[in-house]
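Peer 1: I need the structure of the sequence given here:
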Amino acid sequence: MIVLLTGDNQHAIQEQFNQYKAEIDAQWLTFCYHRFPADRLDQAISVARTRSLTGGKKLVIVENCHLKQWGDTELETLQQLVQVPEFTILVFVATTVDKRLKIYKHIVKYANLFEFPLIPPWRTDLIEKAIATQAKKIKLVLSKDAVEYLAEAIGNDMTRAATELRKLYIYSIGRQLELAEVKELVPCQTQNSLQLASAIRQGESNQVLHLLDDLLSRSEPLMVIVTTLLTQFRTWLWVKSAIVSGIKKDSELAQLCNISNPNRIYYLRQEVANTSINALAKAVTMMLDLEMSIKRGAESKNLLLIILSVSRLFKLT
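Peer 2: The predicted structure follows:
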């Protein structure tokens, strides 16, 4: 069996690995489980083609295969995929792939494609659903508001979600956990630059101070914070400008604003509905200036002052 796993949801991909590993006799795992980096493709294919010492299944994983790093030599090596026996599970793993590539088209002739995209951080409904599903799998019973809190506290980090849910399961001893108990056991650590952007846009200065303090206390690089804010405010400005200019179709908005997922437009419309286009334009200009000052070595106090000034733009509208 040949498989191509793509996406940035590392937790889901690891779970898939675990399923494949479970098909191998544990006592022979050392001899029948192999991992190779993408630059050792020839060795990986050679191992995949040979029968395992036990005569049973063998798992061969080739990691970080974004495919663009492979050329004609690797394409020639991949001609051997047809010779991979059915008792071998050959897995190619890639965060993203260009489906136009000749190598991609060749691999999917023989491989099953499974895509594991990370849930967008703004899709709290999908995050709640994913957490509820994980909880159900391990027979953890949570109240509805506890699930909602976990979605807020954990965000789209499904690896952390799995860890926290296992901890809650041990604590619960089979009973339903309520919001108060879950809050005590699972701290909210999802204060991130996207939440900061939302607080700024809503003119919530106190929340801005709280989120920014949390980010800085966790040594989040200033440039990372500002780059995320700038990207988010530019997106809001593009969407607002397109709406004001009369564009109504979500597909057209997505294309014009360079948004890869058209489903996101629904949420962006809501976010900019009561937001001033002038305030958004000024915010982008101020953040561009802030980005330049940080590149010149500005300190965190400059970040605080400018971000609070941007927040006040929206408090006045």
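Peer 1: Of all the residues in stretch 216-236, which ones are buried?
Peer 2: Residues 220, 222, 225, 226, 228, 229, 230, 232, 233, 234, 235, 236 are the ones in stretch 216-236 that count as buried (16 or more other Cβ atoms under 10 Å). Where you see a C-beta, it was placed from the backbone N, CA and C, and this is true even at glycine.
Peer 1: if I look at the second one, how far off is residue 199?
Peer 2: Residue 222 sits 17 Å away from residue 199, taking Cβ to Cβ, to the nearest Å as the criterion.
Peer 1: got it, and the third one?
Peer 2: Distance check for residue 225 against residue 199: by Cβ to Cβ, it reads 13 Å.
Peer 1: show me what contacts residue 239?
Peer 2: 253, 257, 259, 265, 268, 269, 272 (Cβ atoms under 8 Å, 6 or more residues apart in numbering).
Peer 1: Validate this expectation: it resides in a helix.
Peer 2: Yes - under DSSP: H, G, I helix; E, B strand; the rest coil, residue 239 falls within a helix.
Peer 1: does the residue most central in space within the chain sit in a helix, a strand or a coil?
Peer 2: Nearest to the mean C-alpha position of the chain, counting by Cα atoms, centre = their mean, stands residue 118 at 3.6 Å. For residue 118, the reduced secondary structure class is coil; criterion used: three-state DSSP.
Peer 1: What of residue 36?
Peer 2: With three-state DSSP as the basis, residue 36 sits in strand.
Peer 1: So the residue nearest to the centre of the chain sits against residue 155, correct?
Peer 2: No - assessed by Cβ atoms under 8 Å, residue 118 is found out of contact with residue 155, at 10.2 Å.
Peer 1: And the contacts of the helix or strand where residue 59 lies?
Peer 2: According to DSSP states H and E, residue 59 maps onto strand 58-63. Identification of contacts with strand 58-63 by Cβ under 8 Å, 6+ apart yields 17, 20-21, 23-24, 32-38, 41, 44, 47-48, 51-52, 87-93.
Peer 1: so the nearest residue to residue 127 once chain neighbours are set aside is in which element?
Peer 2: Once flanking residues are discounted, residue 127 sits nearest to residue 151: 4.3 Å by Cβ to Cβ, 6 or more residues apart in numbering. Secondary structure assigned from DSSP H and E places residue 151 in helix 144-154.
Peer 1: Show me what the helix or strand just after that helix packs onto, helices and strands only.
Peer 2: Sequence order places helix 158-172 as the next helix or strand after helix 144-154, per DSSP H and E. For helix 158-172, the packing partners by 3 or more Cβ pairs under 8 Å, 6 or more residues apart in numbering; DSSP states H and E come out as helix 10-21, helix 124-137, helix 144-154, helix 179-185.
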